[in-house]
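Undergrad: structure, please.
(one chain, ligands or ions: 2)
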Amino acid sequence: MVTLQSKWRYLVMFLGVQLVVMALLSREGYHRRVTYFFRIFRKTDHGLVPHSRNSTGGDVYANLSLIAKFQVRDEDMPYCPRKSPLIGGPIHVTFPSRLTLAQVERKNPLVVRGGRYRPPDCEARHRTAIIIPHRNREHHLKFLLYYLHPFLQRQQLSYGIYIIHQVGNYTFNRAKLMNIGFREAMREEDWDCLFFHDVDLIPEDDRNTYTCDAHPKHAAIAMDKFGYKLPYKMYFGGVSALTPVQYLKMNGFPNNYWGWGGEDDDIGMRVSLGGMLISRPSLNIGRYRMIKHKLDEGNERNPKRFNMLAKTRQTWRLDGMNTVEYEVVSREYMPLYANITVNIGTEDGLKPLNPPTPQPANSPAQSFNSSSDKP
Ligand code: UDH
Ligand code: NGS
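TA: Numbering: from 1, shown residues only. Ligands and ions are numbered 1, 2, ... in the order given. Just a heads-up that it's a prediction; the model follows:
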């Protein structure tokens, strides 16, 4: 039978045990021990990085806090693992209306001037340049940068983002801008892979690695607007990736498709005319969400595209990287990208923006053609 006296004794013992536990917990370092204890149950914290689908909740920034903030000395730098431990799988893509470039900058503190990044704690195995043809799409660019920077950091790539901006109002020429991007990027660094990337396509899975394959890669194979399937077998539009050797083997892209349509089909044909195959990621990984928009003013459908495509077999060696002519108007190294503004002329050829007056040796405006300037 429990007496009143023994009840008091139990109560005093209980309080005593509590005091001892509290004293233990308040000792220096208890926090570390408690955290360690809880981590046994929550394996996704710090040292243990999630691999499974949805483990990052689709947040493209979720894993980035795991990147070491300190810079390891170059001579002590190990190679990054073959498969990045930061990859999390599917990414949830939305377009928040109030997003600003300043916010994107703050979320990417390790990106340096010109939109360059290299992993701070390991030597990247791949160096990838992203080439984005651009005019009047700043709104789309902001969203692409918001998603692409953390996406590439999660893949532990060394990378740079180049915007190739067409100056003036003359008809847009996507493929020619890509040729210029290739040349301008390669003159700055020995990139081993170039991604040719529409500004309005956001990758939805970071297992879609932005590295090159043994054959030219078509990365955007499953877009939301096509019900996440290829619209037709030879489709090569949206996002593609080539090594410099692959690019030159097919003489780059055509320069003579002015306006919308056909240039991506021409590029696809060049791949096989250059003796190569098309490599593709799987449908569940090469997924993209397109930012909806209408056909732009100055990029009307090109009525000549079908006739031109019928002649690609005869024209691909005569027009491409070996004939691209342009004038660099400016090179600006912005916090999140390099902005290269170019005059690409018209169907009738390159007309310099400024009359050809004698220029000082380091003037920013320079003209290029294949014979005067090699990458
Ligand atoms: N681009 C610009 N500015 C322009 C036109 C094109 O920056 O004025 C760039 C941009 O990177 C864009 C890419 O070129 O993502 C391709 O152009 P697009 O987005 O207009 O072409 P897409 O085929 O979409 O992806 C067209 C939408 C309307 C199709 C109607 C015909 N079916
Ligand atoms: C083809 C176009 C491609 C274009 C693709 C998808 O018909 O340039 O449709 O267009 N080829 C020709 O016109 C010869 S889309 O649905 O994105 O507007 O990329």
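
Undergrad: so what's the residue nearest the centre of the chain up against?
TA: Central residue of the chain (C-alpha atoms, centre = their mean): residue 148, 4.3 Å from the mean position. Contact partners of residue 148, counting by C-beta atoms under 8 Å, 6 or more residues apart in numbering, are 130, 161, 197, 202-203. C-beta here means a position set from N, CA and C on the backbone, and glycine is covered the same way.

Undergrad: tell me how far it lies from ligand 2.
TA: Counting by C-beta to the nearest ligand atom, to the nearest Å, the separation of residue 148 from ligand 2 is 20 Å.

Undergrad: write out the residues of this protein neighbouring ligand 1.
TA: Contact residues, the chain versus ligand 1 (C-beta under 6 Å from any ligand atom): 132-137, 172, 174, 198-200, 260, 295-296, 298-299.

Undergrad: among those residues, which two are most distant?
TA: Largest separation among these by C-beta to C-beta: 132 and 295, giving 18.5 Å.

Undergrad: so which of the two has more stuff around it?
TA: Taking neighbours as other C-beta atoms under 10 Å, residue 132 and residue 295 compare with residue 132 leading, 25 against 11.

Undergrad: for the host helix or strand of the more buried one, the distance to its chain's centre please.
TA: Per DSSP states H and E, residue 132 falls inside strand 127-134. Taking the mean of its C-alpha atoms, strand 127-134 sits 7 Å from the chain's own mean (C-alpha atoms, centre = their mean, to the nearest Å).

Undergrad: show me what it is packed against.
TA: helix 138-154, strand 158-166, helix 174-188, strand 193-197 (3 or more C-beta pairs under 8 Å, 6 or more residues apart in numbering; DSSP states H and E).

Undergrad: with distance to residue 231 added, can I get these in TSV?
TA: As requested, the helices and strands packed on strand 127-134 are exported to TSV (distance: least, C-beta to C-beta, whole Å):
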stretch	distance to residue 231
helix 138-154	21
strand 158-166	25
helix 174-188	17
strand 193-197	18
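
Undergrad: is it possible to get a markdown table of those that adds mean pLDDT and distance to residue 221?
TA: Output for the helices and strands packed on strand 127-134, formatted as a markdown table (pLDDT from 0 to 100; distance: least, C-beta to C-beta, whole Å):
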| stretch | mean pLDDT | distance to residue 221 |
| --- | --- | --- |
| helix 138-154 | 98 | 17 |
| strand 158-166 | 98 | 21 |
| helix 174-188 | 98 | 19 |
| strand 193-197 | 98 | 14 |
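
Undergrad: any idea which of these gets closest to residue 264?
TA: helix 174-188 (7.9 Å).

Undergrad: near ligand 2 at all, the closest one?
TA: No: if you take C-beta under 6 Å from any ligand atom as the test, helix 174-188 misses ligand 2, and the best it gets is 9.4 Å.

Undergrad: angle of that helix against strand 127-134?
TA: Using axes from the mean of the first three to the mean of the last three C-alpha atoms, to 10 degrees, the inter-axis angle of helix 174-188 relative to strand 127-134 is 140 degrees.

Undergrad: and helix 174-188, how far out from the chain middle?
TA: With C-alpha atoms, centre = their mean, you get 16 Å for helix 174-188.

Undergrad: kindly report the same for stretch 181-189.
TA: From the chain centre to the centre of stretch 181-189 is a distance of 16 Å (C-alpha atoms, centre = their mean).

Undergrad: buried set for that stretch?
TA: Buried residues in stretch 181-189, counted by 16 or more other C-beta atoms under 10 Å: 181-186, 188.

Undergrad: do the same with stretch 77-88
TA: Within stretch 77-88, the residues scored as buried using 16+ other C-beta under 10 Å are 77, 80, 84-88.

Undergrad: ligand 2 next: which of these are close?
TA: Answer for these near ligand 2: none qualify (C-beta under 6 Å from any ligand atom).

Undergrad: now the residues you listed in CSV, with secondary structure and pLDDT?
TA: Output for the buried residues of stretch 77-88, formatted as CSV (DSSP: H, G, I helix; E, B strand; the rest coil; pLDDT from 0 to 100):
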residue, secondary structure, pLDDT
77, coil, 90
80, coil, 96
84, coil, 96
85, coil, 94
86, coil, 95
87, coil, 95
88, coil, 93
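
Undergrad: and for the closest residue to ligand 1 within the stretch 201-350 of the chain, the neighbour number?
TA: With C-beta to the nearest ligand atom, the shortest gap between the stretch 201-350 of the chain and ligand 1 falls at residue 296, namely 3.3 Å. Other residues within reach of residue 296, judged by other C-beta under 10 Å, total 13.
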